[in-house]
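In: no sequence on hand, only this structure:
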């Protein structure tokens, strides 16, 4: 049984849908360090980090492993989340003794969003290939709790969050103002929309998993009875003011040097009230980090209870075995 709450992409950007919720500036020194001795089961899963390939496509058996830790006062819960590409954007076909051929195979999905430019509203589309990914959740000792098949957007996650950060920070420099949200014109807003959609797809994996959903919603401020009655249910909206992003100064231990890294703020509102604050640490999303959109850490905070936090840290990012046999790899 899936959790009854569902996130709705109702206010991605101020330029598209009005004024975004106000967030405090993220902490550039945000720290996520989940000790390996708290997750002994991680040794039985993929470990280490393969060198970035510069390629943002996905191949069979690309995988990432995350550690998650929920704190509620003295109560602590831990999990391991493994995402693995079932088959990549190209399959190798071999028939008898004939030369092998690569066959492209995927499903495409599109999302429609609206921009307002010079008083005129226009509908634009974001598109991405979708590939099946196995999502396995284990406890900290490696005991499997759930296994599911999800479809994730290759191109959206392959671009990651950094193009959106660059676009927003550039617009903020051109349009300075401490309390103003930069305005974007037509296609210039696309990187922000694509990054938000990509992160939402990852959040949906956690939000809809039978083992994680119940705990995820413990970090979220529950809506009041009155808002449920007047709103005819629960509506969650998702916003990311990329212009508030700051360079990350504290990365998870054992992570290879990522080049650039930023802390990106995010907020979820439930029935119009702040329900969750999130700080995401994002790096270059080249393979094998494209499967997770370049996200290497995150801290989710309850908006009114500082004793409730959910932390996430990337423990491994690996290339598929067939690809490594061809290109070689560097493990750390």
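Out: Everything's here; your move. Nothing here was measured: the structure is a model prediction, and the numbers come from that model.

In: drop to CA atoms for contacts and neighbour counts, all remaining ones
Out: Noted.

In: mind listing the strands for the stretch 151-300 of the chain?
Out: 236-239, 246-247, 261-270, 273-283, 295-301 (DSSP state E, counting those that start in this stretch).

In: out of those strands, which gets the lowest mean score?
Out: When the strands of the stretch 151-300 of the chain are compared on mean pLDDT, strand 236-239 scores lowest, with a mean of 79.

In: ok, that one: who's next to it in the sheet?
Out: When sheet partners are counted by DSSP bridges, strand 236-239 sits next to strand 7-8 (parallel), strand 261-270 (antiparallel).

In: which one of the ones you listed lies closest to residue 278?
Out: Closest to residue 278 of the strands paired with strand 236-239, according to C-alpha to C-alpha: strand 261-270, at 5.0 Å.

In: would you mind getting the angle between that closest one and strand 295-301?
Out: Following axes from the mean of the first three to the mean of the last three C-alpha atoms, to 10 degrees, one obtains 40 degrees for the angle between strand 261-270 and strand 295-301.

In: and strand 261-270, how far out from the chain middle?
Out: Using C-alpha atoms, centre = their mean, to the nearest Å, the mean C-alpha position of strand 261-270 is found 10 Å from that of the whole chain.

In: what's the angle from it to strand 273-283?
Out: 160 degrees.

In: how many neighbours does residue 278 have?
Out: 23 (other C-alpha atoms under 10 Å).

In: most tightly packed of the strands paired with strand 236-239?
Out: Highest mean neighbour count of the strands paired with strand 236-239: strand 261-270, a mean of 24 (counted as mean count of other C-alpha atoms under 10 Å).

In: just put the strands paired with strand 236-239 in CSV and tack on distance to residue 133.
Out: CSV is the format used below for the strands paired with strand 236-239 (distance: least, C-alpha to C-alpha, whole Å):
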stretch, distance to residue 133
strand 7-8, 20
strand 261-270, 25
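
In: of all those, which one is nearest residue 168?
Out: strand 261-270 (11.2 Å).

In: for residue 31, which of the strands paired with strand 236-239 is the nearest?
Out: Per C-alpha to C-alpha, nearest to residue 31 of the strands paired with strand 236-239: strand 261-270, 10.5 Å.

In: list the helices and strands the helix or strand hosting residue 315 packs on?
Out: Per DSSP states H and E: residue 315 is located in strand 308-318. Applying 3 or more C-alpha pairs under 8 Å, 6 or more residues apart in numbering; DSSP states H and E, we find strand 308-318 packed against strand 48-49, strand 63-72, strand 295-301.

In: looking at the ones you listed, which is closest to residue 319?
Out: Closest among the helices and strands packed on strand 308-318, using C-alpha to C-alpha: strand 63-72, at 6.6 Å.

In: after the closest one comes which helix or strand?
Out: Assigned by DSSP H and E, the successor of strand 63-72 is strand 75-85.

In: so which bits of that next one are buried?
Out: Going by neighbour count (16 or more other C-alpha atoms under 10 Å), the buried part of strand 75-85 is 78, 79, 80, 81, 82, 83, 84, 85.

In: buried set for the helix or strand hosting residue 124?
Out: Counting by DSSP H and E, the element that carries residue 124 is strand 120-139. Neighbour-count burial for strand 120-139 flags 126, 128-139 (criterion: 16+ other C-alpha under 10 Å).

In: out of those residues, who's nearest residue 188?
Out: So of these, ranked by how close each gets to residue 188 (C-alpha to C-alpha), first place is residue 126, at 12.5 Å.

In: mind listing the residues bridging to that closest one?
Out: residue 111.

In: partners of the strand holding residue 315 in the sheet?
Out: strand 48-49 (parallel), strand 63-72 (antiparallel), strand 295-301 (antiparallel).

In: what sits up against the longest one?
Out: Taking C-alpha atoms under 8 Å, 6 or more residues apart in numbering as the criterion, the residues outside strand 63-72 that touch it are 34, 39, 45-47, 76-85, 215, 288-289, 291-292, 307-320.

In: that'll do, ta.
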